[in-house]
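**Student:** need a structure here:
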Amino acid sequence: MTSILPPRSTRLQKALEQVTVDLLDLPVELRKLWSPQQCPASHLPWLAWGLSVDIWDANWPEAVKRAAVADAIAFQRRKGTPASLRTVLDRFDPLIGIVEWFDDREVLAPFHFRLELPLLAQSDVYYDENLVTQILRDIAQVKPVRAHMLAVFRLRAQAQAWMTSAAQTGGLIRLTASTDTTTALDPVWETYLQTADGEPLLLADGIYLEA
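**Tutor:** Sure, this is the predicted structure:
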């Protein structure tokens with residue numbers, strides 16, 4: 001090795017130079033580490049962090065993780081749009097509907113929206129408290145800053161019967177009765193600390209601060 005240090009270099013400087021040279025000789029293929037398709041599965045969380053992936057679940061199948069990493073840059077470009085909400089919801093259930101305020105002006109205030117979960121007969125996904133909480137957390141990460149979600153509930157018309165489910169801290173409450181769809185539902189965030197705009201306060205680890 002040809003040293004670039006001056007003749008009067010200290011032993012510490014020479015040792016650091018040697019360590020640096022040894023690091024350069026390590027067989028690390030950086031191109032593979034930054035490739036969503038070739039990156040080792042164990043390194044995918046770090047690649048996701050490097051590409052600013054907002055939503056990550058260690059329990060996802062490897063194929064889903066690689067797809068999330070591959071879509072990271074494109075997803076950031078459309079973050080805050082209905083398309084980004086759709087992408088997140090499709091990971092849970094493609095049958096989840098999005099109703100924006102201009103589609104239901106009698107119930108929703110401007111820049112509010114709601115999610116409509118399908119009935120059990122329509123979907124293979126079972127919506128328990130944990131799943132609904134996860135949906136809320138992920139949607140909060142990608143929704144427009146000015147948009148506010150009033151409630152997550154199950155609402156589908158079948159003949160004259162309606163079923164409504166409201167996500168609350170105590171669990172998923174199921175009601176079977178005639179439902180007045182012109183009445184706004186209570187916010188699901190009512191048990192959490194909120195900002196002046198009515199948004200839940202979310203910690204860095206994805207946990208909401210309870211009131």
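
**Student:** any idea where the helices of this protein begin and end?
**Tutor:** When secondary structure is read from DSSP state H, the chain shows helices at 11-24, 30-33, 44-50, 62-70, 72-78, 82-92, 129-142.

**Student:** Quick one: neighbours of K143, just the number.
**Tutor:** For K143, the neighbour count with other C-beta atoms under 10 Å is 20. (C-beta placed from N, C-alpha, C; glycine too.)

**Student:** Repeat that for L23.
**Tutor:** That count, for L23 with other C-beta under 10 Å as the rule, works out to 9.

**Student:** Run through the residues that contact it.
**Tutor:** Under the criterion of C-beta atoms under 8 Å, 6 or more residues apart in numbering, L23 has no neighbours.

**Student:** Relative to E17, how far out is it?
**Tutor:** 11 Å (C-beta to C-beta, to the nearest Å).

**Student:** Then I98?
**Tutor:** 58 Å.

**Student:** so where's this protein shaky on pLDDT?
**Tutor:** 1, 121, 150-211 (pLDDT under 70).

**Student:** Break it into its domains for me.
**Tutor:** Domain assignment for the chain by automatic domain parsing gives 29-78, 80-211.

**Student:** about what we covered before: export the helices of the chain as TSV, with columns for distance to P118.
**Tutor:** Converted to TSV, the helices of the chain look like this (distance: least, C-beta to C-beta, whole Å):
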stretch	distance to P118
helix 11-24	54
helix 30-33	40
helix 44-50	29
helix 62-70	21
helix 72-78	24
helix 82-92	11
helix 129-142	13
